[in-house]
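>>> generate a structure from the sequence data that follows.
(chains A, B, C and D)
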Protein chains: 2
Amino acid sequence: MATSPAIHTIPNTIDRDSFEPAYSQLANILKAQIAAGAFRPGDQLPSEAQLCRTFGVSPMTVRRSINLLADQDVVSTAQGKGTFVRRVQFGAAAFDLRELQSLLRNDATTIKLLDARIVTANQRVAGKLDIAVGRSAIYIRRLLSVEHQPAFYHREYLVYDPRRPIVESEMEVSSLSGLFSGSGSAIVKRADLTICATLMNEEESQVLKTQLPAAALLLEHIFYDFDDRPISWGWFIANSERLHFSTTVGIQD
Amino acid sequence: MATSPAIHTIPNTIDRDSFEPAYSQLANILKAQIAAGAFRPGDQLPSEAQLCRTFGVSPMTVRRSINLLADQDVVSTAQGKGTFVRRVQFGAAAFDLRELQSLLRNDATTIKLLDARIVTANQRVAGKLDIAVGRSAIYIRRLLSVEHQPAFYHREYLVYDPRRPIVESEMEVSSLSGLFSGSGSAIVKRADLTICATLMNEEESQVLKTQLPAAALLLEHIFYDFDDRPISWGWFIANSERLHFSTTVGIQD
DNA sequence: TAGTGGTCTAGACCACTTA
DNA sequence: AAGTGGTCTAGACCACTAG
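Numbering: from 1, shown residues only, chains lettered A, B, ... in the order given. I've put the predicted structure just below:
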């Protein structure tokens, strides 16, 4: 039987001298047993009281382990019924931007400021930034290259309000790196992000040095301040060969 | 001052008669205070001991509240230093497939089986399914329509192994709904997923009734069984107007 | 040394499910 | 009534940070 060897390498006791906390050890033991097939999707796990006795830990510690697995969508709990191994759920899959973040932190990545100027907001820009048509905005175009190859084309409109002089200086007009590295501005409360596929237009293909027709991922972002007013609206156009997102859903070892 | 009214509507005590648990109430109080600007990114929150005194709850309850906020990337904790409000982090953004999942559960969505037949695996298919070239596989083509409009074109190869007869019956060849609704197969241990942008080819544009050139989101998936062997390999082609993913990062009310 | 977060205990009481 | 998960207490001890 294929799974037998794996089962026998799973520890079944908590090592109190380990660096790893007991709740984490227990969660990993249970997950390894599930991964090895000892508990199949739909199966009920031992009750919390039983796990307390088996592993010699307190109820709170067992609960924390179970909660960890529940957060990872490995198990589901039902009051009065028990804890059960979950089936794989497509909808639980989540693609995150950490890859993108690490790419921008990479030394091989350079950011070139193509353009930065004051413009008057047209209907579209004014709508996104929640300002009046004809008001001023800062328009920025950047090209991000990885190993001297054009990878992302970024365009952004920033509100330009004499009463909010802080915006320009805080939003790191020339670098972008702050938003990705976590040292982002303290004036940003939240960002709304959208991702979709699009066809590149003439300008985009020239900047990114691709042949038309070309497909691209478009990542749109709007940043808001602590008064819930938009600060900036912008979007990345990514060469489709340069950017794809991967993830795993289900039981991971 | 714009934030004053908001601050005054934030409760500052735990309601012990509420249905909402104390830890959740406390987390929401702190988050509302942060959202209202009472604590800004970089600011230190009151210590856990202080929060215990202020709100009259035990240390474990305070910890649970803080952990909730830390899981949401609202705060970060540093042993020996304190708890601090985080800046918005681009990289923390995660796009999930719940929209897609609910779409497939929708009554207005229909799945049409275009084709299902046994084929012999070529190099590419054999590589993905980790079988020998020339072995049999099941090839399936499906069209998913939303309100009678073609939306997603799905193609999939399933391993066809006499020794694993369970695969075909378990993988819900004719419906697909299981994988999305959570009632998916119990033989699936995990799935690897990738998303990227692509240009539609002739066949795809005909099935989806679009004009060329057209951009599309491509969602590729490989399912594995509990012996870590591939069960199926397939991909969705989504009309780019039909599918986009949205998310919010930072402080959400 | 004082203050911080991190872990853990050994119970208690409650809500819910099943029989 | 018995068993399940869900919340909460009132501490304890530890590891880490800072003055």
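>>> residues contacting A:I131?
A:A121, A:A137, A:V159, A:D161 (C-beta atoms under 8 Å, 6 or more residues apart in numbering or on different chains). (Each C-beta comes from the backbone N, C-alpha and C, glycine too.)
>>> turn those into TSV, including distance to A:L193, neighbour count and secondary structure.
Formatted as TSV, the contacts of A:I131 follow (distance: C-beta to C-beta, whole Å; neighbours: other C-beta atoms under 10 Å in any protein chain shown; DSSP: H, G, I helix; E, B strand; the rest coil):
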residue	distance to A:L193	neighbour count	secondary structure
A:A121	22	21	coil
A:A137	20	24	strand
A:V159	18	24	strand
A:D161	23	17	coil
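>>> touching, A:S18 and A:Q25? I think so.
Yes. A:S18 sits in contact with A:Q25 when judged by C-beta atoms under 8 Å, with a separation of 6.5 Å.
>>> same drill for these two, tell me which one is more crowded.
A:Q25 (20 against 11; other C-beta atoms under 10 Å in any protein chain shown).
>>> need phi/psi at the more buried one.
phi -60, psi -50 (degrees, to the nearest 10).
>>> nearest residue to it in space, please, no chain neighbours.
Sequence neighbours aside, A:I14 is the residue nearest to A:Q25 in space, at 5.2 Å (criterion: C-beta to C-beta, 6 or more residues apart in numbering or on different chains).
>>> residues contacting that neighbour?
A:A22, A:Q25, A:L26, A:F55, A:G56, A:V57.
>>> which of the residues you listed are buried? Put it as a ChimeraX command.
Applying 16 or more other C-beta atoms under 10 Å in any protein chain shown to the contacts of A:I14, the buried members can be selected in ChimeraX as follows:
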select /A:22,25,26,55,57
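>>> so what sits opposite A:G82 in the bridge?
Beta bridges link A:G82 to A:A78 when assigned by DSSP bridges.
>>> neighbours of it, how many?
Residues contacting A:G82 under the criterion other C-beta under 10 Å number 15.
>>> can you give me the pLDDT of it?
At A:G82, the model reports a pLDDT of 98.
>>> any idea how far it is from DNA strand D?
4 Å (C-beta to the nearest atom of the strand, to the nearest Å).
>>> residues contacting that residue?
Contacts of A:G82 (C-beta under 8 Å, 6+ apart): A:Q44, A:L45, A:S47.
>>> tell me the bridge partners for the first one.
Partner residues in beta bridges with A:Q44, using DSSP bridges, are A:F84.
>>> the nearest residue to A:F236 once chain neighbours are set aside - how many residues pack around it?
Spatially, and ignoring its direct neighbours in sequence, A:F236 is nearest to A:L219 (4.4 Å; C-beta to C-beta, 6+ apart). Using other C-beta under 10 Å, A:L219 is surrounded by 23 other residues.
>>> can you tell me the helix or strand for A:L219?
strand A:215-225 (DSSP states H and E).
>>> ok, and what's touching the very next helix or strand once past that strand?
With elements assigned by DSSP H and E, the helix or strand that comes after strand A:215-225 is strand A:230-239. Residues from elsewhere that reach strand A:230-239 (C-beta under 8 Å, 6+ apart): A:125, A:128-130, A:140, A:150-159, A:167, A:171, A:187-188, A:198, A:200, A:204, A:208, A:210, A:214, A:216-225, B:197.
>>> from the chain's centre, how far out does strand A:230-239 sit?
16 Å (C-alpha atoms, centre = their mean, to the nearest Å).
>>> now the next helix or strand after it and strand B:245-250, what's the angle there?
The first helix or strand that comes after strand A:230-239 along the chain, using DSSP H and E, is strand A:245-250. Using axes from the mean of the first three to the mean of the last three C-alpha atoms, to 10 degrees, the direction of strand A:245-250 lies 90 degrees away from that of strand B:245-250.
>>> so strand A:245-250, near chain B or not?
Yes. Strand A:245-250 is in contact with chain B by C-beta under 8 Å from any C-beta of the partner chain, via A:F245, A:S246, A:T247, A:T248, A:V249, A:G250.
>>> from those residues, which is closest to A:L144?
Ranked by distance to A:L144 (C-beta to C-beta), those are led by A:F245 at 16.9 Å.
>>> in the sheet, who's paired with the closest one?
Beta-bridge partners recorded for A:F245 (DSSP bridges): B:I195.
>>> that one reaches A:R98, doesn't it?
No. Using C-beta under 8 Å, A:F245 is not in contact with A:R98; the gap is 9.6 Å.
>>> quick check: residues of chain A near DNA strand C?
Selection of chain A residues close to DNA strand C by C-beta under 7 Å from any atom of the strand yields A:21-24, A:56-61, A:64, A:78-81.
>>> returning to what we had before: let me have the residues of strand A:245-250 next to chain B in JSON lines, extended by distance to DNA strand D and pLDDT.
Shown next, in JSON lines, are the residues of strand A:245-250 next to chain B (distance: C-beta to the nearest atom of the strand, whole Å; pLDDT from 0 to 100):
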{"residue": "A:F245", "distance to DNA strand D": "31", "pLDDT": "93"}
{"residue": "A:S246", "distance to DNA strand D": "31", "pLDDT": "95"}
{"residue": "A:T247", "distance to DNA strand D": "26", "pLDDT": "96"}
{"residue": "A:T248", "distance to DNA strand D": "25", "pLDDT": "95"}
{"residue": "A:V249", "distance to DNA strand D": "22", "pLDDT": "93"}
{"residue": "A:G250", "distance to DNA strand D": "21", "pLDDT": "94"}
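>>> all strands of the stretch 51-200 of chain A, in order?
All strands of the stretch 51-200 of chain A, identified by DSSP state E, counting those that start in this stretch, fall at A:75-78, A:82-85, A:94-96, A:109-120, A:136-146, A:149-159, A:188-199.
>>> any chance of those in TSV, plus distance to B:V88?
Converted to TSV, the strands of the stretch 51-200 of chain A look like this (distance: least, C-beta to C-beta, whole Å):
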stretch	distance to B:V88
strand A:75-78	31
strand A:82-85	35
strand A:94-96	14
strand A:109-120	19
strand A:136-146	18
strand A:149-159	15
strand A:188-199	5
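>>> among the ones you listed, which is nearest A:F39?
Taking C-beta to C-beta, strand A:82-85 is the member of the strands of the stretch 51-200 of chain A nearest to A:F39, at 5.0 Å.
>>> so what's A:D253 up against?
A:D253 sits next to A:A32, A:A35 when contact means C-beta under 8 Å, 6+ apart.
>>> secondary structure of it: a strand, I assume?
No. Going by DSSP: H, G, I helix; E, B strand; the rest coil, the assignment for A:D253 is coil, not a strand.
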